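Trainee: give the three-dimensional model of this entry:
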Amino acid sequence: MGWDSASLPDHVRRLIPKEQRDKLHVPTNTDVAEKVTAKNESELQDQIASYLRVREIPYSKPAFGKKSTVAPGWPDFTFPWRGRFVTFETKVATKQTKEQEQAQRDIERHGGFYFIVRSIEQAKEILDGFNAIGTVQCLG
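Mentor: Coordinates of the predicted model:
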């Protein structure tokens with residue numbers, strides 16, 4: 001009688017060394033997310049939301065493409081990270097609007113971190129680059 005790797009919770013799969021997970025075909029949620037490349041902004045937002053959930057980082061995100069009470073130009077993701085106020089504006093092929101540029105200036109003027117993120121890999125690099133005092137080590 002065999003077992004189904006899908007029945008293992010993600011927190012248990014993360015305890016298995018990566019090379020063993022690869023041999024056993026037991027990926028974590030993060031392993032799966034790393035293999036997917038975004039085709040559009042909505043898809044990139046879904047990938048980032050999934051990654052933040054896996055990392056257990058609480059976030060706020062306006063509904064994509066729907067009328068919102070959030071100020072025009074506000075970033076797609078707002079969340080705390082290691083004692084800092086961090087925002088992600090997702091862009092796949094477009095540039096910031098004037099409202100987004102103003103939101104960036106306002107956030108940075110008040111000590112927040114504003115990042116334009118074009119891939120899930122970049123989002124991971126930004127989060128991993130924050131050290132304990134909240135400065136960014138690398139921004140690729």
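Trainee: I126 - how many residues pack around it?
Mentor: Other residues within reach of I126 by the criterion other C-beta atoms under 10 Å amount to 20. Yep, even glycine has a C-beta here, placed from its N, CA and C like the rest.
Trainee: test my guess that it contacts V117.
Mentor: Yes: I126 lies in contact with V117 (C-beta atoms under 8 Å); the separation is 7.1 Å.
Trainee: what's the overlap in contacts for the two?
Mentor: F88 (C-beta atoms under 8 Å, 6 or more residues apart in numbering).
Trainee: which strands and helices sit next to the strand ranked longest in the chain?
Mentor: In the chain, taking DSSP state E as the definition, the longest strand is strand 84-90. With contacts taken as 3 or more C-beta pairs under 8 Å, 6 or more residues apart in numbering; DSSP states H and E, strand 84-90 sits against helix 41-54, strand 77-81, helix 98-109, strand 113-117.
Trainee: the longest one to strand 77-81, inter-axis angle?
Mentor: Interaxial angle of helix 41-54 relative to strand 77-81 (axes from the mean of the first three to the mean of the last three C-alpha atoms, to 10 degrees): 20 degrees.
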